[in-house]
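> Got a predicted structure plus its sequence, pasted below:
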Amino acid sequence: MIEQIKTYFPQVIKNNCLWTSKKQKIFIFDHNESKIIEVSSEEAANFTIVNTKESEVNILAIDKCIFNDQSDHKKCDFAAFNDKIFIFVEIKDTHKRRSVKKKNAKDQLEDTIKEFQSSINFSNYEVFVIISWRYKPTRPAISTGMQQAAFHFRKTYNAKLTEGNKFTLS
């Protein structure tokens, strides 16, 4: 997978968009003005990857690293993957207009997965697309709109759409 990504997105090397971790918990923070970074605590993080086996996990900065703001399509914030699972993550604020932000997040995830699936082989991976909120949502996570979107992502991209601030890679 890493070689496919480097081949299709050569800027990964130049922009230092890909790194590997074996930590049990990997804490990701999304700078609004620059690419995502790894931080040292869950309190400072927007998203946590739980790596129960402490195996190799690859983190790939997408927004403001592989693609910049001048890209002609929408993009999610980052991806993470091991040898079985590949996740695309979009981190959103929840203070205002949550339904609009949720729609934007779904659009960003969909454009990103289209771009990646057009050139990268995901046949040996279970794919997840995750909308992550910076703050705890005040509304129920499962709405009719999310159920419809989850069905669309499963049928169209063979990917599972979920919401949350944490993902366990097993």
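Yes, it's here.
> rest of the way, CA atoms for contacts and neighbours
Fine.
> Could you pull up the contacting residues of the residue positioned nearest the centre of the chain?
The centre of the chain sits closest to V89, judged by C-alpha atoms, centre = their mean, with a distance of 1.8 Å. Contacts here follow C-alpha atoms under 8 Å, 6 or more residues apart in numbering; on that basis V89 touches 76-79, 109, 129-132.
> Now, the residues you listed that are in helices?
Secondary structure from DSSP state H places L109 of those in helices.
> Wait, I28 touches I37, no?
Yes. Counting by C-alpha atoms under 8 Å, I37 is a contact partner of I28 at 5.8 Å.
> The two: which has the busier surroundings?
Counted by other C-alpha atoms under 10 Å, I28 and I37 do not tie: I28 has more neighbours, with 22 against 16.
> So for the more buried one, what's the nearest residue that isn't a sequence neighbour?
E38 (4.7 Å; C-alpha to C-alpha, 6 or more residues apart in numbering).
> How is the one you found assigned, secondary-structure-wise?
Of the three states, E38 takes strand under DSSP: H, G, I helix; E, B strand; the rest coil.
> how near is it to A150?
28 Å (C-alpha to C-alpha, to the nearest Å).
> what's the answer for I66, then?
26 Å.
> Same check on F47?
Distance from F47 to A150, counting by C-alpha to C-alpha: 20 Å.
> Neighbour count for the two, which is higher?
Neighbours were counted for F47 and for A150 using other C-alpha under 10 Å; F47 has more, 24 against 19.
> That one touches I28, doesn't it?
Yes. When contacts are counted by C-alpha under 8 Å, F47 is listed as touching I28 (5.1 Å).
> And the closest residue to D93 other than its chain neighbours, what's its pLDDT?
Once flanking residues are discounted, D93 sits nearest to R134: 5.3 Å by C-alpha to C-alpha, 6+ apart. Looking at R134, its pLDDT is 72.
> burial of R134, as a residue count?
18.
> how about the strands in this structure?
Secondary structure of the chain by DSSP state E: the strands cover 18-21, 25-29, 37-39, 47-51, 57-61, 78-81, 85-92, 126-133, 159-163, 166-169.
> Distance check, C17 against G164.
23 Å.
> So for these two, which residue has more residues nearby?
Between C17 and G164, counted using other C-alpha under 10 Å, the more crowded position is C17 (22 against 19).
> Was I right to think that one contacts K64?
No. Contact criterion C-alpha under 8 Å: C17 and K64 do not qualify, at 9.2 Å.
> the residue most distant from the middle of this structure, which is it?
The centre of the chain is farthest from one residue, T144, which by C-alpha atoms, centre = their mean lies 22.4 Å away.
> Could I get the pLDDT score of that residue?
71.
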